[in-house]
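Trainee: I'd like to go over a predicted model; first the sequence, then the structure.
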Amino acid sequence: MSGHSKFANIKHKKEKNDAAKGKIFTIIGKEIAVAVKEGGPNPDNNSKLRDVIAKAKANNMPNDTIERGIKKAAGDAGSVNYEQVTYEGYGPAGTAIIVDALTDNKNRTAANVRQAFSKGHGNIGTQGCVSYMFDKKGQIIIAKEDYEGEADDLMMMALDAGAEDFTEEEDSFEILTAPDDFSAVREALEKENIVMADASVTMLPQNYVTLTDEEDITNIQRILDFLDEDDDVQEVFHNWDE
């Protein structure tokens with residue numbers, strides 16, 4: 001990430017979300033509902049639900065809130081059905097943006113996402129127009145302040161569990177996996193009581209774009225802010241080197 005601290009970026013993202021905890025809890029609540037509908041309410045038999053629970057805990061969601069969400073999704077057959085939709089497009093100066101959403105109304109979500117792009121003078125493209133510039137990977141970040149062991153031990157633990165890559169940063173460790181191996185690696189680390197600052201399947205840019213024009217920076221920030229405010233939007237990935 002051009003020398004940037006991944007842990008600092010995650011911390012910044014979380015601190016920003018702390019001001020609107022309701023937003024992040026709503027996002028995770030939807031993911032719990034989808035995971036339960038797809039694989040049932042028992043995390044022992046549902047790896048997707050286990051991953052969402054780990055994400056919830058990393059975001060300090062209380063256990064009783066998690067359990068309530070699982071019970072609600074399991075017991076309410078008539079509850080809202082969320083559909084996963086992905087939008088791809090361009091921000092200023094050709095920056096690439098991918099938006100993942102869970103929605104009960106695709107028309108509303110499409111209109112809102114389109115409006116967010118236009119507010120920053122960007123535009124929505126066709127499916128696949130920018131995703132080829134990203135690699136889908138499982139990413140686990142461990143803050144050095146949360147890990148007291150040797151870096152080599154952590155690396156071997158991760159690689160033995162099936163990780164592809166291990167990188168040491170100034171203040172953290174980054175572990176990358178193939179998407180299919182993410183759950184196994186995360187669970188192996190969890191069994192060793194390794195505290196994870198973040199653990200998710202993400203889209204990592206192959207190259208980053210640096211913006212120097214103040215107007216471009218203002219415009220991409222405007223797009224990201226509008227997307228962040230949309231309750232249907234789950235994740236936003238981009239290749240802007242912030």
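Mentor: Alright, I've got the coordinates.
Trainee: Okay, and residue 218 sits in which element?
Mentor: When elements are assigned from DSSP states H and E, residue 218 belongs to helix 214-229.
Trainee: ok, the strand ranked longest in the chain: who's next to it in the sheet?
Mentor: Using DSSP state E to assign secondary structure, the strand with the most residues in the chain is strand 134-143. Take DSSP bridges as the rule and strand 134-143 pairs in its sheet with strand 172-177 (antiparallel), strand 198-205 (antiparallel).
Trainee: which residues touch the helix or strand following it?
Mentor: Of the helices and strands lying after strand 134-143 in sequence (DSSP H and E), the nearest is helix 151-161. Outside helix 151-161, the residues within contact range by CB atoms under 8 Å, 6 or more residues apart in numbering are 140, 142, 147, 166, 168, 173, 175, 181, 184-185, 188-189, 192, 194. C-betas here are computed from N, CA, C, even on glycine.
Trainee: same thing with stretch 215-226?
Mentor: By CB under 8 Å, 6+ apart, the surrounding residues in contact with stretch 215-226 are 91-93, 95, 97, 115-117, 119-122, 211, 236, 238, 240.
Trainee: Show residues contacting the longest strand of the chain.
Mentor: Contact with strand 134-143 is made by 6-7, 10, 96, 98, 154, 158, 164, 171-179, 181-182, 185-186, 189, 194-206, 237, 239, as judged by CB under 8 Å, 6+ apart.
Trainee: now the helices for the chain?
Mentor: Ranges of helices within the chain are 6-18, 21-39, 47-58, 63-75, 106-119, 151-161, 182-191, 214-229, based on DSSP state H.
Trainee: What score does residue 62 have for pLDDT?
Mentor: You'll see residue 62 listed with a pLDDT of 90.
Trainee: got it, and residue 198?
Mentor: The predicted local distance difference test score for residue 198 is 88.
Trainee: Could you pull up the contacting residues of it?
Mentor: Shown in contact with residue 198 (CB under 8 Å, 6+ apart): 10, 58, 139-141.
Trainee: what pairs with it across the strands?
Mentor: The partner list for residue 198 in beta bridges (DSSP bridges) reads residue 141.
Trainee: Break the protein down into its domains, please.
Mentor: 6-75, 83-132+206-238, 134-205 (automatic domain parsing).
Trainee: weakest of these in terms of mean pLDDT?
Mentor: Mean pLDDT is lowest for domain 6-75 out of these, coming in at a mean of 83.
Trainee: for that one, the distance to its chain's centre please.
Mentor: 11 Å (CA atoms, centre = their mean, to the nearest Å).
Trainee: End to end on that domain, go ahead and measure it.
Mentor: Start-to-end span of domain 6-75 (CA to CA, to the nearest Å) is 39 Å.
Trainee: Stretch 87-94 now?
Mentor: With CA to CA, one end of stretch 87-94 sits 16 Å from the other.
Trainee: Over to stretch 136-149?
Mentor: In terms of CA to CA, the two terminal residues of stretch 136-149 are separated by 29 Å.
Trainee: and the two most separated of the contacts of helix 151-161?
Mentor: The two members of these with the most space between them (CB to CB) are 168 and 184, at 22.0 Å.
Trainee: if we can go back for a sec, distance between the longest strand of the chain and the chain's centre?
Mentor: Here the centre of mass of C-alpha atoms in strand 134-143, compared against the chain's by CA atoms, centre = their mean, lies 9 Å away.
Trainee: buried residues in it?
Mentor: By neighbour count with 16 or more other CB atoms under 10 Å, strand 134-143 contains the buried residues 134, 137-143.
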